[in-house]
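Colleague: Quick one, fold the following:
(one chain, ligands or ions: 2)
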Amino acid sequence: MNYAVALVPGDGIGPEVVLQATAVLDALGDRYGHVFNYVELEAGGKALDTAGEPLPKSALEAARQCDALLLGAVGGPQWDTLPGHLRPEQALLGLRAGLGVFANLRPASLLPQLRAACPLKDEVLIAGNPTGQAGFDLLIVRELTGGLYFGKRGRNNDNTVAFDTETYSRQEIERVLRTAYRAAMTRGKKLCVVDKANVLESSRLWREVAAIVSEDYPAVETSYMYVDNCAMQLIRAPGRFDVIVTSNLFGDILSDEASVLTGSIGMLPSASLGSPDDPAAKHGHPMGIYEPIHGSAPDIAGKDIANPLGAILSGALMLRYSFGLEKEAAAVEAAVNSVLDAGLRTRDIAGLNAPSIENPERIVGTRDMGDAVLKALEM
Ligand code: IPM
Ligand code: MG
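Modeller: Ligands and ions are numbered 1, 2, ... in the order given. Take a look at the predicted model:
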């Protein structure tokens with residue numbers, strides 16, 4: 001099968017890590033008989049430099065024609081002083097809205113190979129964990145195209161007051177809840193709706209809609225939690241969570257918190273999905289934007305030291321969610337796991353666990369890490 005993949009390598013370390021991700025995809029394609037046709041697009045800082053705007057219309061249009069989009073990272077200090085509408089981040093917001101990817105999946109789990117990177121004690125990791133083990137494996141589903149990020153905003157005439165508004169429709173809430181329930185069905189079958197329903201009217205609507213949608217998923221245990229409590233529970237007993245579903249702003253904040261618990265932000269992928277029923281969805285699977293959650297890290301760009309695993313694992317999520325290639329996605333994840341088992345580490349995840357005699361830790365660069373994943377795939 002042929003797949004059209006929009007590529008936004010972006011700024012900073014983006015291009016280096018995306019290069020490793022596409023190499024892995026191509027190797028998989030050879031092996032399983034798929035062809036990935038890349039359409040490289042400029043967005044973010046690069047587009048500001050060449051086209052004077054963070055997301056040229058032509059780039060968005062071209063991305064729309066593709067089956068999925070793989071993105072490295074955007075942004076850098078040289079664009080930080082530009083006015084709000086010209087910041088590289090606008091490219092992300094424009095792509096999310098323009099491609100209709102309303103559900104952002106941010107998995108966070110504790111890898112045994114990187115246990116020492118997690119700042120939590122064993123007793124905390126065991127608390128509330130149904131496995132009885134020290135660890136966690138959770139998925140944050142963040143609403144991505146509504147709420148405070150896209151609500152009405154402005155200032156009053158004499159510039160003494162500014163406002164942003166949290167607005168959610170039943171339909172916006174329902175579709176992201178359904179994505180979260182579907183994910184929960186393939187995992188631990190627990191879903192926690194996180195909100196601020198003791199104060200916010202929009203949160204009360206979330207609860208109302210969740211009560212209705214939950215009836216369609218009787219196998220999933222639904223619970224509700226206020227966001228301030230959730231921020232606490234994540235560092236007191238992260239193992240109690242399976243899927244968390246929440247609004248755009250709360251999800252932005254909680255997913256950063258969860259990423260710190262894994263201790264390895266360079267490893268974390270994300271998927272932003274539209275609806276499988278969208279007429280633009282190809283192959284019966286949703287359009288998606290796939291990106292590592294780390295930033296553009298301009299200070300280490302071009303030095304061959306960035307961790308490409310977040311980008312490579314984002315490629316795996318693309319195979320799974322936008323192309324329905326579960327076997328291929330699992331093969332990538334297994335290959336990443338095996339290079340970690342073999343002791344390979346980029347600098348950001350080095351020096352964490354005492355190296356074992358059989359597999360001493362070996363510090364490698366971006367390219368060597370990508371090559372190691374390729375080799376592991378061949379085995
Ligand atoms: C994220 C980022 C973005 C967001 C910024 C860069 C606009 O923090 O993807 O979490 O707030 O959504
Ligand atoms: Mg964020």
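Colleague: Identify the residue of the stretch 151-300 of the chain closest to ligand 1, quick one.
Modeller: Nearest residue of the stretch 151-300 of the chain to ligand 1: residue 252, at 4.5 Å (C-beta to the nearest ligand atom). From N, CA and C alone the C-beta is placed, and that goes for glycine too.
Colleague: which parts of the longest strand that the chain contains are buried?
Modeller: Counting by DSSP state E, the longest strand found in the chain is strand 2-10. By 16 or more other C-beta atoms under 10 Å, the buried positions in strand 2-10 come out as 3-10.
Colleague: ok, it: who's next to it in the sheet?
Modeller: Strand 2-10 has the following strand partners under DSSP bridges: strand 35-40 (parallel), strand 68-73 (parallel).
Colleague: Kindly state which of those strands is positioned closest to residue 154.
Modeller: strand 68-73 (29.6 Å; C-beta to C-beta).
Colleague: Give me the residues contacting the closest one.
Modeller: Strand 68-73 is contacted by residues 3, 5-18, 21-22, 43-44, 63, 92, 95, 99, 287-292, 294-297, 311, 314-315, 318, 322-323 when judged by C-beta atoms under 8 Å, 6 or more residues apart in numbering.
Colleague: Next step: those residues restricted to helices.
Modeller: Counted as lying in helices by DSSP state H, out of those, are 14-18, 21-22, 63, 92, 95, 99, 311, 314-315, 318.
Colleague: got the contact list for stretch 183-193?
Modeller: 105, 130, 137, 139, 141, 177, 180-181, 206-207, 210, 214, 217, 219-225, 230, 241-246.
Colleague: out of the residues you listed, which are buried?
Modeller: 105, 137, 139, 141, 177, 180-181, 206, 210, 214, 217, 220, 222, 225, 230, 241-246.
Colleague: quick revisit: can you classify the residue of the stretch 151-300 of the chain closest to ligand 1 as helix, strand or coil?
Modeller: helix (DSSP: H, G, I helix; E, B strand; the rest coil).
Colleague: okay, now the closest residue to it other than its chain neighbours: neighbour count?
Modeller: Closest residue in space to residue 252, ignoring its immediate chain neighbours: residue 142 at 6.7 Å, by C-beta to C-beta, 6 or more residues apart in numbering. As a burial measure, residue 142 scores 27 neighbours (other C-beta atoms under 10 Å).
Colleague: Kindly report the same for residue 258.
Modeller: Counted with other C-beta under 10 Å, residue 258 comes out at 25.
Colleague: Report the contact partners of it.
Modeller: Here residue 258 is in contact with 106, 108, 138, 140, 234, 238 (C-beta under 8 Å, 6+ apart).
Colleague: Could you find the closest non-adjacent residue to whichever residue of the stretch 1-150 of the chain sits closest to ligand 1?
Modeller: Closest residue of the stretch 1-150 of the chain to ligand 1, C-beta to the nearest ligand atom: residue 89 (4.0 Å). Spatial nearest neighbour of residue 89, excluding adjacent residues (C-beta to C-beta, 6+ apart): residue 75 at 6.3 Å.
Colleague: Repeat that for residue 134.
Modeller: residue 125 (3.8 Å).
Colleague: which SSE is that neighbour in?
Modeller: helix 122-126 (DSSP states H and E).
Colleague: Need the residues that contact that helix.
Modeller: 110, 118, 132-136, 235-239.
Colleague: switch to 10 Å and redo it
Modeller: The contact list for helix 122-126 (C-beta atoms under 10 Å, 6 or more residues apart in numbering) reads 110, 115, 118, 120, 132-136, 235-239, 261.
Colleague: out of the residues you listed, which are buried?
Modeller: Buried, going by 16+ other C-beta under 10 Å: 110, 115, 118, 120, 134-136, 237-239, 261, out of those.
Colleague: how about those, which pair is most distant?
Modeller: 115 and 237 (17.1 Å).
Colleague: need the residues of this structure near ligand 1, please.
Modeller: Those residues of the chain that sit near ligand 1, judged by C-beta under 6 Å from any ligand atom, are 89, 92, 252.
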